[in-house]
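Novice: here is my input, please return the structure:
(one chain, ligands or ions: 1)
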Amino acid sequence: MKLYNFSPAPNALRVEMFLKEKNIKIDTIQVNLREGELFKEPYNSMNPFNCIPFLELEDGTIITETISICRYLEEKYPEPILFGSNAKERAIVDMWNRRIEMDGFLPLVHSIRNKTSFFQGRVIPGTRNEINQSQEIVTRGIEMFKILLDRIDPHLSKNKFLTGDKFSIADITGHFMFNSSKILKIDLEDYKHAFRWKSELEKRPSNPINDLI
Ligand SMILES: N[C@@H](CCC(=O)N[C@@H](CS)C(=O)NCC(=O)O)C(=O)O
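Specialist: This next block holds a predicted model:
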């Protein structure tokens, strides 16, 4: 099994944090997406969506999508459980991960890609084209993130992690949502409980951002 990744990228780091939480090591090949490596062979054929991370199994099967990769690894290496241990827990973890990913993580990814000149010509992940950056998408992403914070702040006043006492994949997604909010310099002062959660996530030994600094 081989993982194709590019460590500074947020989705790459999500998988790395998951691996560290589980204390597992996988052969990893760094593919420099900034130099267009993902559009060259063999990577273009391995993942025509031209994104990392992706996982190559022994039989040649390619699994893309951060959460799908983590789900596969969860079944192969169950402990510690990060996707829930029974039907109810798995549904709750999935519910929170989707809320965080769709209402916070992805809107902020699109805000960043539409804001910084670094992403000109590649506003949509895994593309190289002339699609314009849009200030409206920057603004909308931040608005969506704040609506999410309004909703999760009261929940986090009563819960250590998103699903209660147990750390899960949803918290990993949350950690990288906050990392994007830092890049966009979004003030979190009004969200005391979300800020407490964010600070605890940053302190986890598995936080791969600490290794980059
Ligand atoms: N939906 C994919 C998105 C993966 C993704 O956006 N990867 C980015 C890095 S964080 C990428 O490879 N971008 C390549 C590029 O835009 O050139 C997932 O969840 O894994």
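Novice: switch to C-alpha atoms for all contacts and neighbour counts from now on
Specialist: Will do.
Novice: which parts of the protein are helices?
Specialist: Secondary structure of the chain, counting by DSSP state H: helices at 10-22, 43-46, 66-76, 87-100, 106-115, 135-158, 169-183, 192-203, 209-212.
Novice: does Asn159 touch Asp165 like I think?
Specialist: Yes: using C-alpha atoms under 8 Å, Asn159 is in contact with Asp165, at 6.7 Å.
Novice: for this structure, what helix or strand is lowest in average pLDDT?
Specialist: Every helix and strand of the chain was ranked by mean pLDDT, DSSP states H and E. The lowest is helix 209-212, at a mean of 78.
Novice: what's that one in contact with?
Specialist: With contact meaning C-alpha atoms under 8 Å, 6 or more residues apart in numbering, helix 209-212 is reached by Pro8, Leu13.
Novice: from the chain's centre, how far out does it sit?
Specialist: For helix 209-212, the gap between its own C-alpha mean and the chain's C-alpha mean amounts to 15 Å (C-alpha atoms, centre = their mean, to the nearest Å).
Novice: one more: stretch 105-125?
Specialist: Centre-to-centre, stretch 105-125 and its host chain are 14 Å apart (C-alpha atoms, centre = their mean).
Novice: may I have the distance across it, first residue to last?
Specialist: End-to-end distance of stretch 105-125 (C-alpha to C-alpha, to the nearest Å): 14 Å.
Novice: Ser168 touches Val93, doesn't it?
Specialist: Yes: if you go by C-alpha under 8 Å, Ser168 and Val93 touch, sitting 6.9 Å apart.
Novice: overlap in contacts, the two.
Specialist: With C-alpha under 8 Å, 6+ apart, Ser168 and Val93 have common neighbours Phe83, Gly84.
Novice: which segments of the chain make up each domain?
Specialist: As given by automatic domain parsing, the domain ranges for the chain are 2-76, 87-212.
Novice: reformat those domains as CSV; add mean neighbour count.
Specialist: Formatted as CSV, those follow (neighbours: other C-alpha atoms under 10 Å):
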stretch, mean neighbour count
domain 2-76, 17
domain 87-212, 17
